[in-house]
Structure formats: structure tokens, C-alpha cells
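Let's see this in three dimensions:
(one chain, ligands or ions: 1)
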Amino acid sequence: MQLKFDYNNIMQYAIGVQGVKDAEIAADMPLMQKAFDEVMSAGGNGWQEWMRLPDTSDAELTSILQDCESIRKKAESLVVLGIGGSALGPLSVLNALLHLRHNELPAKKRAAPKFYIEDNIDPERMRALFDVIDLNTAYFNVITKSGETSETLAQFLIIYDALKKALGKKEAKKRILVTTTIGKGTLYNIAQKEGFKIFGIGNGVGGRFSVFSAVGLVPFAILGVDIRALLAGARAMAAACKNPAPQKNPALITAYLQVKSMQKGRNISVMMPYSDALKYMADFYCQLWGESLGKAADKTGKQVFTGQTPTKAVGVTDQHSQIQLYTEGPFDKVVTFIGVDNFRNVQPIASDPDIDGCGFLKGQTLNDLLKFEKRATRFALQKALRANFTITLPEINAHTVGELLQYFMLQTAFAGALLNIDAYNQPGVEEGKIATFALLGRTGYEQKLEELQQNLKSADYLIEQ
Ligand code: PA5
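Residues are numbered from 1 along each chain as shown. Next up is the predicted model:
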């Protein structure tokens, strides 16, 4: 494992009564042991099938790479249509591993197609997409685990129609790649009938745990990400987190410390990468942590209304918007910093002798400035007795990104086990999905429509002119 974890600033010795005591860790060892056993014994099975993904065989990876090779060569743009877990994995990895201005690079300097991750159905965004892509050279990867999500199906219908009008049906079919559950769902049926290329998602791989399945691997292969190195990173983290000793197992100890902090009133988890390349890792984490742990009932059916609200901040940008609150506001947050030891380039700060007042920046680099600012913010939070911990990547590459993603997923699995809740369902999301079907008049949802129509609404509380 190449990542480093520092949880000093969540401990009592560093932040006083706000922190977790060594004695609490010692007393809770059996709890951690139980959570560890639960996650490990179910590893690879049921909804924990995602734990097998890092071990995907080389033959399978070769086959994905071969399928994607010709598209990689022919496509000028790859557009992913998907939402939630079907979008955030691809977005976080591509943003981390491709050039930060990939799409704006001239074609000669860009060894891969442009990429667009369309995870919203804002009509203006759809129009804007059509304004920047050329249908003659664009490919579309429609990703939906259930094959039923209204947003993704709507996007698909718009795109397929536009492709057929522009290129004719025969060519349009070749431009659509479908990633979905094999043998199930509306999109699978359409794909079969139309003859689209289909990539499968395992039955027990849920959306937010699917980044190492075809959901991520297909766009990564098309965009030239080293998928073998990515999975090797995931395997390295998985191996580190097989250690039953919590203090040696980063996912287990940090899951415990987050849960313990939450039980002490730290209900907000701030994910704060000090790197633009890693900024969507915070979004990946937010979905995973929020959707997996925000649950009304535990596994025994007891009402618990549990969960820690995840939120994103980016260093240094949000030092100038959020840190005041984090340092002096309520003691309700745990901040996770993500730092990078060595960036992929060094940017010296020019020292012009004719310019006065900036001497302290002379001879420095943006790399050092960023590092100092992270360290200073960490210090300021600790001084104000605010819980925080730090994850450090030696550098950003496919291996370390694979480690980080696998860590997030394992940490979430352990936290779910510690809270004794089902981390793999999302009844709160499903309710909204079903209500949308009802409002769209889909057959079979008539009762839900009636329920919606009876929804309370009083004119006394409306402001309309
Ligand atoms: O994590 C999840 O299961 C969800 O966030 C889903 O990814 C999201 O709702 C999209 O679902 P689907 O992939 O079925 O279209």
C-alpha cells in the first residue's frame, strides 16, 4: 500500500475532549472485530460482489481493452450517459488521471477522445452537449445498473434519435455501448433488440460500488487509463485492509473513528482534497458515504435514523469560503484532508526583483505553497480542537487512485457493519424513482400517482404573484 494515513488529530491527546480516547478504541475492539469478520466473511458474495472486482482476470481485461481499442482510435468524443454510481466512478478517475484540461488540448496533444460525463438531464446541458460534439465522430456509453433509471433512459432516447437522424440506423447502432445488468431491465431488452454492444455488471455489484466493473473499465480503456495498474492499486489496498488489527487496517480504523465521532455529535464528514485532479474523489466519497450510511432502520428493523452528512471542500479554494466555519463553528464535523506528496509537475513562483512586497514567495513553488497551506490548515483545525485526519498519496497515478477508491469502499463497508445497517440498499432513492415513473404516467404506477396527488399543499404557504 502506497497511501499513508494519519489519524493523530482525531485522538483525544491532540484535540482534547472532542477526540477519541485510546481507552475507547480498546473497549470497542470486539465491535471492530465483529464488523471486520462480517465484511470479510461476506466478501465477494451477495452485495459484496464488488470486493471481487480488483481480481478480475487478465483475460477479461484483455477482452475489454480489445473491444475498446477500435473506439479509442475512431472516436473524437466519448459521452457517458449515467447518473449516481454510474457516473461518479468514471468522472472521479478520468479527472484524476487525464490531463486537467484534456478536452481543451489540441487533438495532436490528446492521445485519447474527449470525454463528457452527462449525469444530469438539464435541457440546456443537453443542448450544450450537441453544440460541442460532432455526431459523426462521437460514441456513447449508456450506463445503468438497473436499466430502468428514467434520466438515463431519457438521455439514451434523445441521443439514439439524433444519431439515427444524422447517420442512419445502421451506423447509429455502432455508436452506442451499453453497460447494464445482463438479462434484466428495460435497457438490456432494448440493447438486445437493437444489437448494441453490451458490457455486463455483476448482479451483486451496486451502483456506488461499481467503479472497478465495466461501469468504469470501459470508459477508462477507451480513454487510455491503465486499468491493470488501477486494479493493482485496488488489490494492494484490499490486501492492507485484510489485516484484522484495526491500527494496521486503514479502512477499519478510520471507519470506526468516523462512526465514533458521529456518535459524539460530529454529524458532518468533510472530504477535502488538496488537488484539483482529486476533486471529484470527494463527490465519489460523498455519494458512497451518504447513500450507504443514511438509513432509517438497522438490520434488526429498529429505527436508528443514522448517517453522517458528507460534504466536499477543495483545498486551497475552500479555505477562503469554508474554513472559518470549520474552525469556529459548531463541533459537528470531521475533516478528511487528502494530500499529494509529489505532483506531476513542479511550478516555480517567478521572483521578479522589480516587484516589491512578495519576497516571502521568492524561490518557492506552487507545490510547496499548496503543501504549506494544507499543513497550516490542519494545524489551525487541531488548535481549535477540530477532528481531522489526513490521507496522503505519494503521487497521483492509476495505482494510487485504485488504492484510494478501494479504501473509500472498504471504509464504507466497515462503517455499515459497525452501525449494523444495510449499506447496500437505497430505499430513499427508490421512492423518488418510483414517484417519477408515476408522474410520467408509466403503467403499473397508478397507485403511486394517486398517493402523490393527495400530497398536502396549502395556498396559505405559497408565495406567487
Ligand atoms: O449507488 C446506487 O445504487 C445509485 O446511486 C445508482 O447508481 C443510481 O441511482 C443510478 O442507478 P442505475 O445505475 O441503475 O441507473
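
Going along the chain, name the helices of the stretch 301-450 of the chain.
For the stretch 301-450 of the chain, applying DSSP state H, counting those that start in this stretch gives helices covering 323-328, 366-383, 398-418, 427-439, 446-453.

Out of those helices, the one nearest the ligand is which?
helix 427-439 (5.5 Å; CB to the nearest ligand atom). Bear in mind the C-beta positions are built from the backbone N, C-alpha and C, glycine included.

picking up where we left off before, distance to residue 72 and mean pLDDT for the helices of the stretch 301-450 of the chain - can I get that in JSON lines?
As requested, the helices of the stretch 301-450 of the chain are arranged in JSON lines below (distance: least, CB to CB, whole Å; pLDDT from 0 to 100):
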{"stretch": "helix 323-328", "distance to residue 72": "42", "mean pLDDT": "96"}
{"stretch": "helix 366-383", "distance to residue 72": "32", "mean pLDDT": "96"}
{"stretch": "helix 398-418", "distance to residue 72": "16", "mean pLDDT": "98"}
{"stretch": "helix 427-439", "distance to residue 72": "33", "mean pLDDT": "88"}
{"stretch": "helix 446-453", "distance to residue 72": "43", "mean pLDDT": "90"}
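
among those, which is the most enclosed?
Counting by mean count of other CB atoms under 10 Å, helix 398-418 has the highest mean neighbour count of these, with a mean of 26.

Quote the end-to-end distance of stretch 383-403.
Separation of the first and last residues of stretch 383-403 by CA to CA, to the nearest Å is 30 Å.

Likewise for stretch 318-329?
Using CA to CA, the end-to-end distance of stretch 318-329 comes to 15 Å.

Name the residues of the protein found near the ligand, please.
Listed as neighbours of the ligand in the chain under the rule CB under 6 Å from any ligand atom: 83-86, 144-146, 149, 152, 206-208, 291, 426, 429.

Return the subset of the residues you listed lying in strands.
residue 144 (DSSP state E).

Pull the most distant pair out of the residues of the chain next to the ligand.
Using CB to CB, the residues of the chain next to the ligand span at most 16.8 Å, a distance reached by 152 and 291.

who's more crowded, these two?
More crowded of residue 152 and residue 291, by other CB atoms under 10 Å: residue 152, with 27 against 23.

what's the closest non-adjacent residue to the more buried one?
residue 144 (4.5 Å; CB to CB, 6 or more residues apart in numbering).

Quick one: residues contacting the one you found.
82-83, 86, 152-153, 179-180, 185, 187 (CB atoms under 8 Å, 6 or more residues apart in numbering).

before we move on, what about residue 259?
Residues near residue 259 by CB under 8 Å, 6+ apart: 308, 415, 418-419.

Quick test: name the residue nearest the centre of this structure.
residue 284 (1.5 Å; CA atoms, centre = their mean).

what about the closest residue to that residue other than its chain neighbours, how many neighbours?
Of all residues not flanking residue 284 in the chain, residue 92 sits nearest, at 4.2 Å (CB to CB, 6+ apart). When neighbours are defined as other CB under 10 Å, residue 92 has 27 of them.

Same question for residue 265.
With neighbours defined by other CB under 10 Å, the count for residue 265 comes to 12.

Before we go further, it is sitting in a strand, right?
No: using DSSP: H, G, I helix; E, B strand; the rest coil, the assignment for residue 265 is coil, not a strand.

Renumber starting at 79 from here on
All set: I'll call the first residue 79, so the last point we hit is now residue 343.
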